[in-house]
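[1] need the 3D shape of this:
(2 chains)
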Amino acid sequence: GNSVTQMEGPVTLSEEAFLTINCTYTATGYPSLFWYVQYPGEGLQLLLKATKADDKGSNKGFEATYRKETTSFHLEKGSVQVSDSAVYFCALSDNYGQNFVFGPGTRLSVLP
Amino acid sequence: DAGVTQSPTHLIKTRGQQVTLRCSPKSGHDTVSWYQQALGQGPQFIFQYYEEEERQRGNFPDRFSGHQFPNYSSELNVNALLLGDSALYLCASSPGGGLGIYEQYFGPGTRLTVT
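    Residues are numbered from 1 along each chain as shown, chains lettered A, B, ... in the order given. You can find the predicted model right below:
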């Protein structure tokens, strides 16, 4: 079945540091890929998405590129802020936008 | 727009009891999905409701059942509760039957503790 693997946390960075959170997937067909973020005490929010190979999703300074050849969708941000502290989930869906599978999440803490 | 709302926020039950969780989707959304998120884990798909029917189901036992009402709101029922059912239960809604939309809006969840 489909699955998502992402780097284990927690990840602790200083403000303005570069962020990479690795995500790889196993899926049949043509999945869509997502990053969701869960801020403390809040529900999951969609951060960015990519629905086909080579697409780049971006939002709030975060970026991720759908790499079919390496089955990866790594999340990056050039300069993190304290307000980016949250848990980040990589996820995929099937080519109809159904059957979501989430990774285990990576907790990010950004220190001032 | 109120977004996705869930009730109650927290719930404590005893093993063997039954529980009902409720979800109201975002305005204009007709598809509701339920997820279980154990502590420190990612959400796991339980099932999805569309047009008042269960359209898809994840790998959860029959103790987990649901319902969708004509106003698109939904309930999740869990019978014969086990300690392992303790988790955050998330509801997510999407529009247009959920097909080809790719985006779900999540509620804040209901924290269920089974003792």
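[2] dump the residue contacts of whichever residue of chain B sits closest to chain A.
    The minimum distance from chain B to chain A, using Cβ to the nearest Cβ, falls at B:G42 (3.4 Å). C-beta here means a position set from N, CA and C on the backbone, and glycine is covered the same way. Contacts for B:G42 were tallied using Cβ atoms under 8 Å, 6 or more residues apart in numbering or on different chains; they are A:V4, A:F89, A:A91, A:F102, A:G103, A:P104, A:G105.
[3] looking at the residues you listed, which are in strands?
    Secondary structure from DSSP state E places A:V4, A:F89, A:A91, A:F102 of the contacts of B:G42 in strands.
[4] which among these gets closest to chain B?
    A:F102 (3.4 Å).
[5] so what's residue 91 up against?
    As the question left the chain open, I've gone with chain A. A:V4, A:L33, A:F34, A:W35, A:Y36, A:F100, A:V101, A:F102, A:G103, B:G42.
[6] not quite, go with chain B.
    Contact analysis of B:C91 by Cβ under 8 Å, 6+ apart lists B:4, B:6, B:21, B:23, B:25, B:32-35, B:74, B:76, B:106-107, B:109.
[7] 10 Å instead, please
    B:C91 makes contact with A:43, B:4-6, B:21-25, B:32-35, B:46, B:73-76, B:104-110 under the criterion Cβ atoms under 10 Å, 6 or more residues apart in numbering or on different chains.
[8] same thing with B:S33?
    For B:S33, the contacting residues are A:98-100, B:23, B:25, B:43, B:45-50, B:55-56, B:58, B:66, B:74, B:90-94, B:98, B:104, B:106, by Cβ under 10 Å, 6+ apart.
[9] please indicate which of the residues you listed are buried?
    A:98-100, B:23, B:25, B:43, B:45-50, B:55, B:58, B:66, B:74, B:90-94, B:98, B:104, B:106 (16 or more other Cβ atoms under 10 Å in any protein chain shown).
[10] three-state assignment of the spatially most central residue of chain B?
    Closest to where the C-alpha atoms of chain B average out (Cα atoms, centre = their mean) is B:W34, at 3.0 Å. Counting by DSSP: H, G, I helix; E, B strand; the rest coil, the backbone at B:W34 sits in strand.
[11] what stretches of chain A score poorly on pLDDT?
    For chain A, the stretches with pLDDT under 70 are A:97.
[12] show me which residues of it sit near chain B.
    Within chain A, the positions lying close to chain B (Cβ under 10 Å from any Cβ of the partner chain) are A:1, A:4, A:6, A:9, A:32-34, A:36, A:38, A:41-46, A:49-51, A:87, A:89-91, A:93, A:95-105, A:107.
[13] return the subset of those residues lying in helices.
    Under the assignment DSSP state H, the residues of chain A next to chain B contribute nothing to helices.
[14] just the buried residues out of those, in PyMOL syntax.
    This is the PyMOL syntax for the buried subset of the residues of chain A next to chain B, where burial follows 16+ other Cβ under 10 Å:
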select buried, chain A and resi 4+6+9+32+33+34+36+38+43+44+46+49+50+51+87+89+90+91+93+95+97+98+99+100+101+102+103+104+105
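[15] now do the buried residues in the strand or helix carrying B:H67.
    Here B:H67, judged by DSSP states H and E, is contained in strand B:64-68. Buried residues in strand B:64-68, counting neighbours by 16+ other Cβ under 10 Å, are found at B:F64, B:S65, B:G66, B:Q68.
[16] packing partners of it?
    Applying 3 or more Cβ pairs under 10 Å, 6 or more residues apart in numbering or on different chains; DSSP states H and E, one finds that strand B:64-68 contacts strand B:19-24, strand B:31-37, strand B:44-50, strand B:53-57, strand B:74-78.
[17] right, I'll call it a day here.
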